[in-house]
Structures are given as structure tokens and as C-alpha cells.
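> pasted the sequence and its predicted model underneath.
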Amino acid sequence: MHQFINGKAVTGASGATQDVINPATGEVTATVTLAGLRDLEAAVASARAAFPAWSRTTPGERSAILQRFARILEARAEEFAQAESSQTGKPLRLCREFDVPGTIDNVDFFAGAARNLEGKAMAEYSADHTSAIRREAIGVIGSIAPWNYPLQMAAWKILPAIAAGNTIILKPAEITPLTSVMFAEALSEAGLPDGVVNVLVGSGSTIGAALMRHPQVDMVSFTGSTAVGRTVLEAAAVNAKRVHLELGGKAPFVVFDDADIDAAVHGAVAGSLINSGQDCTAATRALVHRSVYQEFVDKLAARFDGIVLGTPENDGADIGSLSSFRHRDHVAGMVERARGYARVVAGGYVPTDDGLGDGAFYRPTLIVDAAPDSEIVKNEVFGPVLVVLPFDDDDEAIALANDTVYGLAASAWTSNIQRALRATREIKAGCVWVNDHIPIISEMPHGGFKQSGFGKDMSAYSFEEYTQVKHVMFELGGVVEKDWHRTIFALR
């Protein structure tokens, strides 16, 4: 059925269907019915009707539902891992050890955070009044999630929204909808009231566009490309909706001359190839001091050449396929164009051996000798591609790191604390790791600077996106004629 509206799984009303393809094998995993505009109206009506009661539930009641939900996810962990792998082509190991546990941890975190929504204490900031702050839910949230981490993105969108008392309509990517619907069904099983979470599986051009423009949707949250993010901003401006955007990235991986090169090489492999490079925080630009540049390139090329690609059930595989054949061709096209102005020293081709020819695989690719203003350096590839550039001093390293329209994540590799502190202060990104690249934790925020968007996912900071602050002021003296009235009319 693959639509979840008002607490029930329903068939999409558009009359259209779409096959969900396992990109690692080319096989059909499922066939889903796509939502139509009638489904959107039903979902909005459901979320709108559920909002008053849900927003008035106590934090403890919301927390209890999320705690039960976390235990349901634990009991069904293998089922979720299998479904996630089947629609994304990811190794089962990644799903079992990263996607599913990370999602459960997110649920546990928000179960606690729901009981700790903060505001200023009631106090007298004026001699004649007592002021208080109320932090209130916004209303109906329209969320659009990407295809690279379907399960985790469902969690990142849904959990802070409902923990704060909102209701939500989630539109997952239509090529990877399965675990998002399962997520909503499990929430219902945990006792979430009907209408609080709705999932619509449909195209971005119809359901996504209508969702973000709908006058009864109070806020839009979008994760995806910067180009589409601009469209979301334009659409939301019509009704002055609040907007939360997590967009593209082109993360610098800065290796200074005092870095542990072996650790940096190992970190670059993990940081650039996680999820087959389909991660907006992935290391994509390795900026390496010239004195250690060649050593770094040689060691990294050898590691890239040794990476094992495989289908999801292959425990010996390091990485899986890309998300779709269309996306694989996009990545391959960028690499082919780069050959005209740079040098590919590892990978750079579609593998056809080892039974991989039926899947959307692409060899991990290392590129050197690219100009700082070239396409492969400037534009997001979103695949297993890393470009390496040299620098001569710290000033140049920082300048190159910031020479991008993006600002989602970065890392600095050094043994010098002053150098590390400078890098974390001066690199313009929402997260800067030191001597590591990629780890995220539920307690810390995730979000970007510049054209990587604004607003935060995860952590208590995400409540800033999903709540609005109200000032409440109580007059204390019972005085009819107050001193400030003289600014309006003469007091007699």
C-alpha cells in the first residue's frame, strides 16, 4: 500500500505505481502505489485534526510513546536492516551497525529530550510585570527526505517534530520509501495517535511541490540538493512558512604537515567512501601539505585500489552500489569530464567483474592535478570520488577549505593544538572534526553554513526549528493608569 495516512496504510490514489529497485542487483524489491493530490489533502486534514490534542499532551506522555517505539525498533532491527539494504544497495553490515542502531539511539535521545524543552524562567524584567516564556509547537510540518539514508532521515525529520508537539507529513524519496512507511507503522504500534505522523510516497514534482506550497502546512523541512533547496525557499515564501534546510556539501579534509599520515589516509578512505560516498558530509576535497602530498596520494591510491565492492549480503564487501543506475551515470559523467583537465590515479570506471555488472556500482576514484576552480573540485559529486589538492602553508589551507559555496562539514588532521584550534575556528562549516571525519552523535547538532542550508537536525538544538517562542507578560499592580500611558495621552 505504501501510504500511511491517519494511522492506516492505504493505497495511493494517483493510480500510478513505481518499482523499488535494489540497485546492487537490478532486481525489483517492491512495487508501490504512488500518492495523488487527494492523498495529500487527506494527510494534511489528518495532521491538522490531530494537532490540537497532540500539542497538548504532556512531555511525559510523548516520551513514553517514544520509549516504547525504541523497543519495537530493537525487536525489529533485522527486518529494518534488510528492508533498508534492499532499497539502497547498502551492505547489510552498514545497515545493521550504523543505520538501524543510529536510528534507535535517536529515538532514545528524543524520548528524553521531549521532557526538557527549555525557556527562560518566570521573572520580573519590568518593575510592574512578570514575564514568562512559552515554547510552543508550530503546527503541521511538511518534510521531504532524501534517498541516501532513508531510515535515518525519517528519524531526523519525524522525531524532533513530534517530540515538540507537532504533527507531520513526510515525503520520502520515491525510490527508497520502504523503511519510512515501516517507521510510521511502528510508531502507531507504540501508541502514537492517528494523524500525528503521515507518510506520502510520491514524486517530488507533484506531491513534494504541493506539500511545501500547501496553505495548511505551517513549516517545511527539506534535506537534499542545494538547487532544490532554493525552490523550497521560493515556494515557502508565498505563505511565509518557516523553513529548515539541510543541503549539499563539499567537505574539505585538511592534512597538515605534522599529521599522522597513516591515520589520515585511513580516515580519508572511511570519510570519503562511507555509504559509497553518498553522504553530504563525506570527505570530497583532500587538501594536503605539499611536503606530505605525494606520500598521502600514493598510500591513498593503494587503499582505494584494494576496496572490495559487493552485494549487500557479502560480508567481505567494503562498500555497496550507488543508489540508482541514473545516479551512477551522473557520477561517472563527472569523472569522465574531469579526465580532460585532471588525472585519475585510482578507480574511475564501472566494474563488470565479480558479478557486479547487474548493479549500479562504481569503483572508488581518486583524482589529482585538478585546478581549484574546476567542476570536480567545486561541485558536489555525491559518490565515491575524492580529489586531492596541495597547499603550502596554513593560510592557504584555510583559504582553500573555505573556497566553496558549501559549509556543512570539514576535518583537520594535525598534532598541533594551536593549529587545530585555528582550523576549527576559521573553517566555515557546521561541523569540524579534528583527526577524524564522519562520526555523528544524537546529542550534538547537524547542520550547515552558507549554501549547505540552515537549521539543525538531531540534538536539543533541533527543537529551535520545531518550536516557536511566545512571550507572556502579567501586569502586577492592578493599576488602571500606568506610567507608560503618558506616551499615548496626557494623564490627569
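Arrived safely.
> show me how the protein divides into domains.
With domains defined by the TED database, the chain comprises 3-247+452-472, 251-434.
> right, so of these, which gets closest to I440?
Among those, domain 3-247+452-472 comes nearest to I440, with 7.1 Å by Cβ to Cβ. From N, CA and C alone the C-beta is placed, and that goes for glycine too.
> right, and the domains of the chain - which one's nearest I488?
Closest approach to I488 among the domains of the chain is made by domain 3-247+452-472 (16.3 Å; Cβ to Cβ).
> give me the pLDDT for G453.
G453 carries a pLDDT value of 95.
> burial measure for it, as a count.
A count of neighbours around G453, defined by other Cβ atoms under 10 Å, yields 28.
> so which residues of the stretch 151-300 of the chain form helices?
Along the stretch 151-300 of the chain, the segments classed as helices by DSSP state H, counting those that start in this stretch run 178-189, 209-213, 226-237, 261-273, 290-305.
> winner for burial among these?
Among those, helix 178-189 has the highest mean neighbour count (mean count of other Cβ atoms under 10 Å), at a mean of 22.
> tell me the SS of S411?
Recorded secondary structure, S411: strand (DSSP: H, G, I helix; E, B strand; the rest coil).
> same check, this time on the one 10 residues further on
When the structure is reduced to helix, strand and coil (three-state DSSP), L421 reads as helix.
> could you check how far it is from T414?
10 Å (Cβ to Cβ, to the nearest Å).
> same deal with F391?
To T414, F391 is 13 Å away according to Cβ to Cβ.
> same deal with G447?
Distance, G447 to T414, using Cβ to Cβ: 25 Å.
> again with V469
40 Å.
> kindly report the same for L66.
Using Cβ to Cβ, we find L66 at a distance of 40 Å from T414.
> give me the number of residues near V432?
21.
> and what of the one 5 residues further on?
Using other Cβ under 10 Å as the criterion, H437 is surrounded by 26 other residues.
> verify the stated contact: it with G267.
Yes. Under the criterion of Cβ atoms under 8 Å, H437 makes contact with G267 at 5.4 Å.
> common neighbours of those two, please.
In terms of Cβ atoms under 8 Å, 6 or more residues apart in numbering, H437 and G267 are both contacted by the residues F253, A283, S411.
> what's the burial count for the second one?
Going back to what we said before, that points to A283. Here the number of neighbours of A283 (other Cβ under 10 Å) works out to 28.
> for it, give the beta-bridge partners.
Per DSSP bridges, the residues bridged to A283 are A251.
> any idea how far F325 is from it?
25 Å.
> next one: the last one
S411 sits 31 Å away from F325 when distances are taken as Cβ to Cβ.
> ok, these two, which is more surrounded?
Taking other Cβ under 10 Å, S411 and F325 do not tie; S411 has more neighbours (29 against 15).
> isn't that one up against G267?
Yes. S411 is within contact range of G267, at 7.4 Å (criterion: Cβ under 8 Å).
> shared neighbours of these two, which are they?
Here S411 and G267 have F253, A283, N435, D436, H437 as joint contacts, going by Cβ under 8 Å, 6+ apart.
> now, the most widely separated pair of the residues you listed?
The most distant members of the shared contacts of S411 and G267, if one measures by Cβ to Cβ, are A283 and N435, lying 12.9 Å apart.
> okay, and the common contacts of those two?
Here A283 and N435 have G267, S411 as joint contacts, going by Cβ under 8 Å, 6+ apart.
> tell me how many other residues surround the residue lying closest to I398 once chain neighbours are set aside.
Computed as Cβ to Cβ, 6 or more residues apart in numbering, the closest residue to I398 that is not its neighbour in sequence is E426, at 5.0 Å. For E426, the tally of surrounding residues (other Cβ under 10 Å) stands at 16.
> so how far is V255 from E426?
Distance, E426 to V255, using Cβ to Cβ: 16 Å.
> got it, and A53?
Distance of A53 to V255, computed by Cβ to Cβ: 54 Å.
> among the helices of the stretch 151-300 of the chain, which comes closest to N379?
The closest of these to N379 is helix 226-237. By Cβ to Cβ, the value is 10.2 Å.
> what's that closest one packed up against?
When contacts are defined as 3 or more Cβ pairs under 8 Å, 6 or more residues apart in numbering; DSSP states H and E, helix 226-237 sits against helix 209-213, strand 219-223, strand 242-246.
> just say helix, strand or coil for P439.
coil.
> with K428 instead?
Secondary structure, three-state DSSP: K428 is coil.
> what's the burial count for it?
16.
> is it in contact with K450, as I believe?
Yes. K428 is in contact with K450 according to Cβ under 8 Å; the separation is 6.5 Å.
> which of A53 and V255 has more neighbours?
Higher neighbour count among A53 and V255: V255, with 29 against 12, using other Cβ under 10 Å.
> got phi/psi on R134?
phi -110, psi 130 (degrees, to the nearest 10).
> right, and it touches V472 too?
Yes. Applying Cβ under 8 Å as the test, R134 and V472 come out as touching, 5.8 Å apart.
> now H289: how far from A397?
Separation of H289 from A397 (Cβ to Cβ) stands at 7 Å.
> and for these two, which residues touch both?
Common neighbours of H289 and A397, using Cβ under 8 Å, 6+ apart, are F256, F391.
> who has more neighbours, these two?
More neighbours surround A397 than the other of H289 and A397, with 28 against 22 (other Cβ under 10 Å).
> what helix or strand is the more buried one on?
In this assignment (DSSP states H and E), A397 forms part of helix 394-402.
> elements contacting that helix?
So helix 394-402, by 3+ Cβ pairs under 8 Å, 6+ apart, packs with strand 251-255, strand 283-289, strand 385-391, helix 417-426.
> let me have those in CSV, adding mean pLDDT as columns.
Output for the helices and strands packed on helix 394-402, formatted as CSV (pLDDT from 0 to 100):
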stretch, mean pLDDT
strand 251-255, 98
strand 283-289, 98
strand 385-391, 98
helix 417-426, 98
